[in-house]
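>>> build me a model from this:
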Amino acid sequence: MTTQDETQQEPRLGVDVIGFGVGEFAYLLNVFEGPARDRSVSVFRAEDMVDDSTLSTAGASSLMARDMATVNAEGDLGVTGVAAAVATALGQATRWTEISLLTADTMDNVALLEAPGVALMLQPRLLGTWFVFAQDPSISSAEATLRVLRQHVEENPAGSAYIVLKTLDSEKNLLVRREGDSWVTGIPDFDADAVAESPGLDDAGLLRAIEESRGKA
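Okay, the predicted model is just below:
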């Protein structure tokens with residue numbers, strides 16, 4: 001296990017989006033240990049990836065080549081800058097929001113991770129890469145989620161979304177779709193195989209539904 005000192009720094013991406021390869025992502029998932037890190041591994045379905053030492057070593061080498069990791073005088077490897085922010089989000093998160101953006105033919109995914117001092121959104125792309133961008137610090141995480149949903153239905157008017165909101169000890173689900181000029185939310189009851197819908201919501205109503213589903217940290 002590597003050491004990590006730069007755990008609380010705000011992400012300064014410098015660009016809107018930065019990408020991490022599969023090996024780099026595997027290494028960043030292994031920077032920390034503990035229940036938050038284990039939850040992140042589960043969220044990203046990365047159990048096999050984090051146990052692959054060859055992949056993780058390749059990721060560390062790649063991060064060093066990109067000046068995102070350094071070796072200190074004691075010979076310990078630590079990540080820096082944006083990579084440190086991503087490692088913190090993965091290893092010390094208190095909330096995980098998985099957003100599946102659906103159309104009739106496609107599905108895209110966004111994951112929002114919130115840790116002390118860091119809130120990042122991640123999107124998977126080809127060949128196991130992940131694109132990372134910082135949440136706008138001027139808005140709340142619920143508002144950031146709403147912004148993703150609005151952009152999705154603007155680009156796909158018949159699109160819908162399935163949101164899973166997680167903490168270390170809770171999990172809630174929320175279905176969202178656009179219907180005319182308003183939103184419809186649904187809370188699934190898996191035992192009864194039913195969905196309790198709330199139609200006719202404006203943006204403010206959808207925001208409240210997201211906030212209620214998030215609950216208290």
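>>> quick one: residue 178 is in a helix?
No - assigned with DSSP: H, G, I helix; E, B strand; the rest coil, residue 178 falls outside any helix and is strand.
>>> quick check: what element follows whichever helix in the chain runs longest along the chain?
Identified as the longest helix of the chain according to DSSP state H is helix 141-155. The helix or strand immediately downstream of helix 141-155 is strand 160-166, counting by DSSP states H and E.
>>> so where's the chain shaky on pLDDT?
1-16, 216-217 (pLDDT under 70).
>>> now do the SS call for the residue lying farthest from the centre of it.
Among residues of the chain, the one most distant from the C-alpha centroid is residue 73; the distance is 33.4 Å, by CA atoms, centre = their mean. Three-state call for residue 73 (three-state DSSP): coil.
>>> now swap in residue 188 and tell me
Secondary structure, three-state DSSP: residue 188 is strand.
>>> ok, now how distant is it from residue 194?
Distance, residue 188 to residue 194, by CB to CB, to the nearest Å: 8 Å. C-beta coordinates here come from the backbone N, C-alpha and C atoms, glycine included.
>>> strands along this protein, start to end?
Secondary structure of the chain, counting by DSSP state E: strands at 18-20, 69-71, 77-79, 95-102, 107-115, 118-124, 130-134, 160-166, 171-179, 182-189, 194-201.
>>> residues near residue 107, how many?
When neighbours are counted by other CB atoms under 10 Å, residue 107 registers 10.
>>> for it, which non-adjacent residue is closest in space?
The shortest distance from residue 107 to any non-neighbouring residue, by CB to CB, 6 or more residues apart in numbering, is to residue 100 (5.8 Å).
>>> count of neighbours near the one you found?
Neighbours of residue 100 (other CB under 10 Å): 14.
>>> show me what stretch 18-27 is in contact with.
Identification of contacts with stretch 18-27 by CB atoms under 8 Å, 6 or more residues apart in numbering yields 28, 44, 46, 49-50, 52, 55-60, 62-63, 68, 82-83, 86, 125, 127-133.
>>> give me the subset of the residues you listed lying in helices.
28, 49-50, 55-60, 62-63, 82-83, 86.
>>> mind checking which of those are buried?
28, 49-50, 55-56, 58-60, 62-63, 82-83, 86 (16 or more other CB atoms under 10 Å).
>>> now these as a markdown table including distance to residue 113?
A markdown table is the format used below for these (distance: CB to CB, whole Å):
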| residue | distance to residue 113 |
| --- | --- |
| 28 | 11 |
| 49 | 17 |
| 50 | 16 |
| 55 | 21 |
| 56 | 20 |
| 58 | 23 |
| 59 | 18 |
| 60 | 21 |
| 62 | 21 |
| 63 | 19 |
| 82 | 14 |
| 83 | 14 |
| 86 | 9 |
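>>> and of those, the nearest to residue 159?
Relative to residue 159, the closest of these is residue 86; by CB to CB it sits at 27.8 Å.
>>> residues touching the residue nearest to that closest one when sequence neighbours are not counted, list them.
Nearest non-adjacent residue to residue 86, counting by CB to CB, 6+ apart: residue 28, 5.3 Å away. Contacts for residue 28 (CB under 8 Å, 6+ apart) come out as 20, 59, 63, 79, 83, 86-87, 90.
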